[in-house]
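**Q** Structural data only, the sequence is not supplied:
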């Protein structure tokens, strides 16, 4: 039910299998309405649940010619079936930034070069390349931790992630997705030519290209409105800022995130694709309106509140929903909540289990056992 940085994209109406009917035109704050339900007590008391609390899920069924291959989502303390693989870092403070990493074009491109079937399994994910400098990776990933992209708009979730803004409108969700993708590309040390290669053939008005290309993303839109093209534009802007700061990436990123009164990069009001070496028709030579065609970034009711009032209301809702004990536990920090403590205990237990060598495992079916029970 998650897709494209959205934790809830469809509500089940009726039916099953290919006859299932889904309501897909839903708001970001619409209630979760899955096809299958289990009793809450069954989930809470089950010893089969490996990861409790907020986690990152990756859709299992996928292939290299879909619009996106790695489809990740943020799942709150809820169960999921075998169609979702969990991939959550042991350092839980990094689970938000790692979600942006898994959702990036560069990470997805690696998967498209590897996946040959229709399953995104763990052995594919284990082969994905990560930036070499781990210290740099951790510090840079934290720069995107304040984005609320992909979160269910609930008070407790926003507090847990310390998200400045949980995007409800498609314009703001697109902007945050582009910022995250640009920073991830910079973490990987990519050049503009590298990203242009990955996102090639996305600037064609009637998109088409190689089977594993990203030209399917927003293909129904004009090139200047597509996430792929705006990502290239934003990345070019970031590289110019890095160059202006003497080639120091950290200073360029800081300037990129601090512009526009601290809001960071904004979708341009008008955009001439030819200025960026993009576009393959006459329209690319003329400035085209962009931001105004994406709709508002925020609803009116969001703009009526000051940031202080918004956070105060968020705390109030979280306390009413979680109760005093749960609320106080949440405020202790993401490394000390009960769910995360349980998760760390599971990791320790799993790591302490003795491993068997191949010769110790024996045959899958024992002829002796079959005779005894035959």
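**A** Cool, the structure landed. The shown structure was predicted, so the numbers you read here are calculated from the model rather than taken from an experiment.
**Q** ok, residue 119 touching residue 58?
**A** No: using CB atoms under 8 Å, residue 119 is not in contact with residue 58, being 11.0 Å away. Using the backbone N, CA and C atoms, a C-beta is placed for each residue, glycine as well.
**Q** Looking at those two now, which is surrounded by more residues?
**A** Just comparing residue 119 and residue 58: by other CB atoms under 10 Å the higher neighbour count belongs to residue 58, 23 against 13.
**Q** strand partners of the strand or helix carrying that one, parallel vs antiparallel please.
**A** Take DSSP states H and E as the rule and residue 58 turns out to sit in strand 55-59. Strand 55-59 has these partner strands in its sheet, going by DSSP bridges: strand 72-75 (antiparallel), strand 84-86 (antiparallel).
**Q** deepest of the ones you listed, which one?
**A** Greatest average neighbour count among the strands paired with strand 55-59 goes to strand 72-75 (a mean of 24), per mean count of other CB atoms under 10 Å.
**Q** who's in contact with residue 35?
**A** Counting by CB atoms under 8 Å, 6 or more residues apart in numbering, residue 35 touches 12, 16, 20.
**Q** Would you mind measuring from it to residue 89?
**A** Going from residue 35 to residue 89 by CB to CB, to the nearest Å gives 29 Å.
**Q** So, low pLDDT: which residues of the chain?
**A** 49-50, 90-93, 133-146, 152-162, 333-374 (pLDDT under 70).
**Q** What are the contacting residues of the strand holding residue 58?
**A** So strand 55-59 is contacted by 2-3, 70-75, 80, 83-88, 95, 98-99, 102, 120, 125 (CB under 8 Å, 6+ apart).
**Q** mind checking the SS state of the residue nearest to residue 104 when sequence neighbours are not counted?
**A** With CB to CB, 6 or more residues apart in numbering as the criterion, residue 104 has its nearest non-adjacent residue at 4.0 Å, and that residue is residue 184. With DSSP: H, G, I helix; E, B strand; the rest coil as the basis, the three-state label of residue 184 is helix.
**Q** which strands and helices sit next to the top helix by length along the chain?
**A** When the chain is parsed with DSSP state H, its longest helix is helix 307-331. Using 3 or more CB pairs under 8 Å, 6 or more residues apart in numbering; DSSP states H and E as the contact test, the elements touching helix 307-331 are helix 155-161.
**Q** mind listing what's buried in stretch 277-297?
**A** By neighbour count on 16 or more other CB atoms under 10 Å, the buried set for stretch 277-297 is 278-279, 283-284, 288, 290-291, 294, 297.
**Q** okay if I get the residues you listed as CSV plus distance to residue 320 and secondary structure?
**A** CSV is the format used below for the buried residues of stretch 277-297 (distance: CB to CB, whole Å; DSSP: H, G, I helix; E, B strand; the rest coil):
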residue, distance to residue 320, secondary structure
278, 49, coil
279, 51, coil
283, 51, helix
284, 52, helix
288, 46, strand
290, 40, coil
291, 37, helix
294, 34, helix
297, 28, coil
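**Q** Same list (the residues you listed) but as a markdown table, adding distance to residue 180.
**A** Output for the buried residues of stretch 277-297, formatted as a markdown table (distance: CB to CB, whole Å):
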| residue | distance to residue 180 |
| --- | --- |
| 278 | 21 |
| 279 | 25 |
| 283 | 28 |
| 284 | 26 |
| 288 | 24 |
| 290 | 19 |
| 291 | 19 |
| 294 | 17 |
| 297 | 16 |
